[in-house]
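Asker: Coordinates for the following, if possible.
(one chain, ligands or ions: 3)
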Amino acid sequence: EPEDELKLRPPIITIMGHVDHGKTTLLDRIRDSRITAGEAGGITQHVGAYKVEHEGKPVTFIDTPGHAIFSAMRARGADITDIVVLVVAANDGLMPQTLEAIEHAKHSGKTIIVAINKCDLESANTMHVKTQLAEQGLQTTDFGGDTECLEISALKGDGVDDLLELLALQAEVLELKANPKGNARASIIEARFQQGRGAVASVIVESGTLKVGKPFICGPFAGKVKALINDRGESVKSATPGTPVEVIGFEELPRVGDALVEMDSDRAAKKLAEERQGELRSERLKIPQK
Ligand code: GTP
Ligand code: NA
Ligand code: MG
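Answerer: Residues are numbered from 1 along each chain as shown. Ligands and ions are numbered 1, 2, ... in the order given. Predicted coordinates for the structure are as follows:
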């Protein structure tokens, strides 16, 4: 990509952690802070991800996919997470699913930021958590390591702004950029059938700008963007890199992790779909060797 075509894009954040350590509470808290900051009513569309702004800097969160979906998406090449926020309850410390999440995040080479949650509790023991983190190779910055770690209370909201600030800063450090020009490429993060709308999918745009009216290929199927709905439930004409949006216009239900790629013409999209379907048919007809 020519360097001057690249523009900063929002970081894409996945929150992971052990059961009940506060992932949903944190996501709700972040979403609420946005709603009170700018919106009336507070009706948010469920698009599987949402974008918030912290002091003018956008940050995109994927709604707790859990590491199963995280891995499934990676297996299909949809490696869209930039930063993993690892939530650890300060009273519990590292638990089996925390260790799994660390494993997944490390394996994928993602930046891990630790949010030690439930720091409002009497029984909170942040020192113990940091010791445990160091044992996993995640030495925190206050102990001379390079793992950023924040002490928060998702329930009370303490430290949540600091977390957003840190994520926005980390994004700058990582120099997350994408070319917003040209045909879009997006990743499917959720897909479902909706009455009256047919197959609907939530996507996050990776590059280019997704536009209403554009033909596309997704897996072995052609489609056309009939409508785009943003995470505030508003109909929009286009979506830029790092933005989550709901897409209407699929012929078939796409798979999570599939890539949606805009094409220049219906004909080109249909031709590619036929080729891909042909490949799938011959795959199925192949007699196993041995
Ligand atoms: P799963 O989705 O089931 O894995 O759980 P989760 O990680 O999403 O945890 P959730 O947000 O559902 O929180 C679990 C419980 O912990 C709830 O009762 C929350 O109210 C509570 N909780 C979450 N954050 C905090 C916090 O900062 N302080 C305290 N005291 N409680 C919290
Ligand atoms: Na829970
Ligand atoms: Mg949850």
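
Asker: can we go C-alpha only for contacts and neighbour counts from here?
Answerer: Noted.

Asker: okay, stretch 256-271 in PDB with CA atoms only?
Answerer: Taking C-alpha atoms only, stretch 256-271 is exported to PDB below (Å, rounded to 0.1, in the frame of the first residue of the first chain):
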ATOM      1  CA  VAL A 256     -18.300 -16.200  11.200                       C
ATOM      2  CA  GLY A 257     -14.800 -15.400  10.200                       C
ATOM      3  CA  ASP A 258     -15.500 -15.300   6.400                       C
ATOM      4  CA  ALA A 259     -14.300 -12.300   4.500                       C
ATOM      5  CA  LEU A 260     -16.700 -10.100   2.700                       C
ATOM      6  CA  VAL A 261     -14.900  -8.500  -0.300                       C
ATOM      7  CA  GLU A 262     -16.500  -5.800  -2.500                       C
ATOM      8  CA  MET A 263     -16.300  -6.400  -6.200                       C
ATOM      9  CA  ASP A 264     -16.500  -4.000  -9.100                       C
ATOM     10  CA  SER A 265     -19.600  -5.600 -10.800                       C
ATOM     11  CA  ASP A 266     -22.400  -8.100 -10.100                       C
ATOM     12  CA  ARG A 267     -21.000 -10.100 -13.000                       C
ATOM     13  CA  ALA A 268     -17.500 -10.400 -11.400                       C
ATOM     14  CA  ALA A 269     -19.000 -11.300  -8.000                       C
ATOM     15  CA  LYS A 270     -21.300 -14.000  -9.600                       C
ATOM     16  CA  LYS A 271     -18.400 -15.400 -11.600                       C
END
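
Asker: list the buried ones in that stretch?
Answerer: 256, 257, 258, 259, 260, 261, 262, 263, 266, 269, 270 (16 or more other CA atoms under 10 Å).

Asker: What about these, which are in helices?
Answerer: 266, 269, 270 (DSSP state H).

Asker: before we move on, back to that, distance to residue 233 and pLDDT added to the buried residues of stretch 256-271, as a markdown table?
Answerer: Below are those laid out as a markdown table (distance: CA to CA, whole Å; pLDDT from 0 to 100):
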| residue | distance to residue 233 | pLDDT |
| --- | --- | --- |
| 256 | 21 | 88 |
| 257 | 23 | 88 |
| 258 | 23 | 91 |
| 259 | 23 | 93 |
| 260 | 21 | 97 |
| 261 | 23 | 98 |
| 262 | 23 | 98 |
| 263 | 26 | 98 |
| 266 | 28 | 97 |
| 269 | 28 | 98 |
| 270 | 30 | 97 |
